[in-house]
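Colleague: Build me a model from this:
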Amino acid sequence: MSKTLIQELTTEHLTIEQSGHTGWITFNDPARHNAVSLAMWEGIPPALARFESDDDIRSVVVTGAGGKAFVSGANISQFDKLRTGRDAVEHYEQAAEGAQLALQNFPKPLIARIDGYCIGGGMNIALCCDIRFASEPSSMSIPAARLGLGYRFSAIQNLVRAVGAANALDIFLSAERYSAARAKELGLVQYVVPKEELDQALAGYLEKINANAPLTMAAGKNMIKLLTDRTADIDMQEMKRLVIQCFESADYKEGKLAFAEKRQPVFTGK
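Modeller: Residues are numbered from 1 along each chain as shown. Alright, predicted model coming up:
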C-alpha cells in the first residue's frame, strides 16, 4: 500500500505516514531491532494528535521496520544515562507514560502490526492498541523480572485487560517468551497469519473498519475501555514508588550488567 510521508513529524527513528484513511507510525531502527528510545516515546503523542485532528484518518497502524521486530523492548544502551538515578528515571518514565497514555486514549481504531520480536516495552505498546495482528514467526515476552527493572502500573493494567489476572501473573512472573500461536491462545494478540499474508490480512481489516461509522466506533471503544477501568481506588503514587524502587535497587544494576555481559543475573532482592 502506497504511503505519504508526513515530514514534519518524522524523526530519525520514528516514521509517520498516511495511506488512504490510515495513519502509520513505524519504529524505524532495524539495527537495534527497533528498541524504543526516549526520542521515540516523545514522538508518539504529536503524531497521534495529528491523526486525531484529521477527519480523513479513520484508523492508525503501529508497526516496526525491517521485518525482524515490532519493538524489541527499551533501548538498553540508554539505561545508564536515562534510567539510572531518580531524576533521570522520572523523566524517562514521564515521557514513556505520556506516550502510553496517548496510545491508550486515542479515540480511533489503533492496530498493532507485529512482525518479529515484540518484547517488554514493545509488548506494552502493542497492548495499548485495540487490535493486534502478528505474523506466525513473531515472538512475545515481558522480561522485566529478568532485568530487575520496574514495569509501570499502567503497563501491568494493559496486560491484565488483555489476558486476565491469572495469565498476566504467569506471563509476568515467568518472563517466558511465547510463539505467536501461543500468544493468541493467551489473548496477547487476536490475529496470527503467515508472514507473507500479514499485509494482505491487515489491508482487508483496515478496509472493513475504515468503512464503518467513526462516531459509533469511537463511542463503543470509549465504553469498552471504561468497563475495564479499575483504577478508582488505587494509590497511583504508591504504584510509582514501587517502580522507582526497582530502578534504585542493586538488582537493577546487576540486571543491566548481566545483560551487557550476556550472562544470567544473580539477584538478591535488594
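Colleague: all strands of this structure, in order?
Modeller: 4-5, 14-19, 22-27, 59-64, 69-71, 110-114, 117-119, 131-135, 139-141, 177-179, 191-193 (DSSP state E).
Colleague: which residue ranges form the helices in the stretch 1-150 of the chain?
Modeller: Residue ranges of the helices in the stretch 1-150 of the chain, as given by DSSP state H, counting those that start in this stretch, are 38-53, 79-82, 86-104, 121-128, 144-147.
Colleague: for those helices, which one ends up most surrounded?
Modeller: Compared across those, helix 121-128 shows the largest average neighbour count, a mean of 27 (mean count of other C-beta atoms under 10 Å). For the C-beta atoms, the positions are set from N, CA and C on the backbone; glycine is no exception.
Colleague: that older thread, can you add distance to residue 226 and mean pLDDT and give the strands of the chain back as a markdown table?
Modeller: Shown next, in a markdown table, are the strands of the chain (distance: least, C-beta to C-beta, whole Å; pLDDT from 0 to 100):
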| stretch | distance to residue 226 | mean pLDDT |
| --- | --- | --- |
| strand 4-5 | 35 | 96 |
| strand 14-19 | 29 | 98 |
| strand 22-27 | 24 | 98 |
| strand 59-64 | 21 | 98 |
| strand 69-71 | 27 | 96 |
| strand 110-114 | 17 | 98 |
| strand 117-119 | 27 | 96 |
| strand 131-135 | 18 | 98 |
| strand 139-141 | 27 | 97 |
| strand 177-179 | 29 | 97 |
| strand 191-193 | 25 | 98 |
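Colleague: show me the contacts for residue 119.
Modeller: Shown in contact with residue 119 (C-beta atoms under 8 Å, 6 or more residues apart in numbering): 71-73, 139-143, 177.
Colleague: residue nearest the centroid of the protein?
Modeller: Centroid-nearest residue in the chain: residue 125, 1.1 Å away (criterion: C-alpha atoms, centre = their mean).
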